[in-house]
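Asker: The sequence isn't on hand, but the structure is:
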């Protein structure tokens, strides 16, 4: 029985080391994906019209509400909504194009 227990302990240890290594790998991969996604969004933001980019930055990065953005920029809330709609569509389009290019390259 002692031999069996020792062998089981070794197996358990090796398994835990493998799982830990996999966790580290997955964490690094997740961080890498997040960094790439952030870079894609930043690149897409550069293609936005000036006002649209400003509205997107104020809402999504600075965390302002639409009403606050409207007051700050001296535009209507409807205009803020229109700029955000355009920004979100353009950014999504850019990400879809990049993803399509990535997956068709295999």
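Answerer: Cool, got the structure. Keep in mind that this is a model prediction, so the values were computed, not measured. Residues are numbered from 1 along each chain as shown.

Asker: pLDDT weak spots in this protein?
Answerer: By pLDDT under 70, the weakly predicted segments of the chain are 1-6, 9-31, 33, 98-99, 101-106.

Asker: And the helices in it?
Answerer: 2-46, 50-56, 66-73, 77-104 (DSSP state H).

Asker: tell me the contacts of residue 46?
Answerer: residue 53 (C-beta atoms under 8 Å, 6 or more residues apart in numbering). (Glycine included, C-beta is placed from N, CA and C.)

Asker: Repeat that for residue 52.
Answerer: By C-beta under 8 Å, 6+ apart, residue 52 lies in contact with 83, 86, 87, 90.

Asker: one more time with 6 Å, if that's ok
Answerer: 83, 86, 87 (C-beta atoms under 6 Å, 6 or more residues apart in numbering).

Asker: Spatially nearest residue to it (excluding sequence neighbours)?
Answerer: Nearest residue to residue 52 in three dimensions, chain neighbours excluded: residue 83, at 4.5 Å (C-beta to C-beta, 6 or more residues apart in numbering).

Asker: What's the separation between the one you found and residue 50?
Answerer: Here residue 83 is placed at a distance of 10 Å from residue 50 (C-beta to C-beta, to the nearest Å).

Asker: neighbour-wise, which of these two wins?
Answerer: Using other C-beta atoms under 10 Å, the more surrounded residue of residue 83 and residue 50 is residue 83, with 24 against 7.

Asker: Could you double-check that the more buried one sits in contact with residue 55?
Answerer: Yes: counting by C-beta atoms under 6 Å, residue 83 does reach residue 55; the two are 3.9 Å apart.

Asker: shared neighbours, the two?
Answerer: Contact criterion C-beta under 6 Å, 6+ apart; residues shared by residue 83 and residue 55: none found.

Asker: re the thing from before, name the nearest of the contacts of residue 52 relative to residue 76.
Answerer: residue 83 (10.6 Å; C-beta to C-beta).
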